[in-house]
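# Predicted model and sequence below, questions to follow.
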Amino acid sequence: IASKIIKILNLSYAVNMEFGIDKNGNPKIFDLNPRIGASFAVHQKLGLNLPQLALDILFNKKIKIDKFKKINSKFYRYFSNVWNKK
C-alpha cells in the first residue's frame, strides 16, 4: 500500500507513513509526512542510517545493505503516552 501511495503522489526520499486497521480489518493510512519517522531510533539501533541513505539516493550513489545488527532487546511503540509511576 505504501508503495502505491508513493507512486501515485510521486513521493521520494524520506516519507513517513502510519497505518491502522479499520473495524473491517482493512488497512487505512492516518498519517503521512515528508520526514523520517519517530521510529528512526529503531533503524538506527539496528545499524541503518536513514539520513545517509536518503543522501545516497539523492546523489545517485549505489546502496548496499548487507545485514542488520542483532540486538537482544524489544522495542514497543504505543499510540498514546506511557507514564511510569514513581
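Here it is on my side, so go on.
# so Ile29 sits in a strand?
Yes. Counting by DSSP: H, G, I helix; E, B strand; the rest coil, Ile29 is found in a strand.
# Would you check how far apart Lys4 and Leu11 are?
11 Å (Cβ to Cβ, to the nearest Å). C-beta: built from backbone N, CA, C; applies to glycine.
# of these two, who's got more company?
Leu11 (14 against 8; other Cβ atoms under 10 Å).
# Tell me the secondary structure at the more buried one.
Classified using three-state DSSP, Leu11 is coil.
# Spit out the contact partners of it.
Leu11 makes contact with 5, 34, according to Cβ atoms under 8 Å, 6 or more residues apart in numbering.
# can you check Arg35 too?
Arg35 neighbours (Cβ under 8 Å, 6+ apart): 14-16.
# rerun at 7 Å
14, 16 (Cβ atoms under 7 Å, 6 or more residues apart in numbering).
# The helix or strand bottoming out on mean pLDDT in the chain: which residues count as buried?
Among the helical and strand segments of the chain, the one scoring lowest on mean pLDDT, DSSP states H and E is helix 40-45, with a mean of 78. Across helix 40-45, burial judged by 16 or more other Cβ atoms under 10 Å covers Phe40.
# now stretch 48-67
In stretch 48-67, counting by 16+ other Cβ under 10 Å, buried: Leu53.
# what does the average pLDDT come to for it?
Stretch 48-67 comes out with an average pLDDT of 82.
# Send me it as CSV with only the CA atoms.
Provided in CSV are the C-alpha atoms of stretch 48-67 (Å, rounded to 0.1, in the frame of the first residue of the first chain):
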residue,chain,number,x,y,z
LEU,A,48,20.6,1.5,9.4
ASN,A,49,21.4,5.2,8.8
LEU,A,50,18.3,6.6,7.1
PRO,A,51,19.6,10.2,6.7
GLN,A,52,22.7,8.8,4.9
LEU,A,53,20.6,6.5,2.7
ALA,A,54,18.4,9.5,1.7
LEU,A,55,21.5,11.4,0.7
ASP,A,56,22.9,8.5,-1.2
ILE,A,57,19.7,8.2,-3.1
LEU,A,58,19.7,11.9,-3.8
PHE,A,59,23.3,11.8,-5.2
ASN,A,60,22.7,8.6,-7.1
LYS,A,61,25.2,6.6,-5.1
LYS,A,62,24.9,2.8,-5.1
ILE,A,63,23.2,1.5,-2.0
LYS,A,64,24.2,-1.8,-0.4
ILE,A,65,22.7,-3.1,2.9
ASP,A,66,24.4,-6.4,3.9
LYS,A,67,22.6,-7.2,7.2
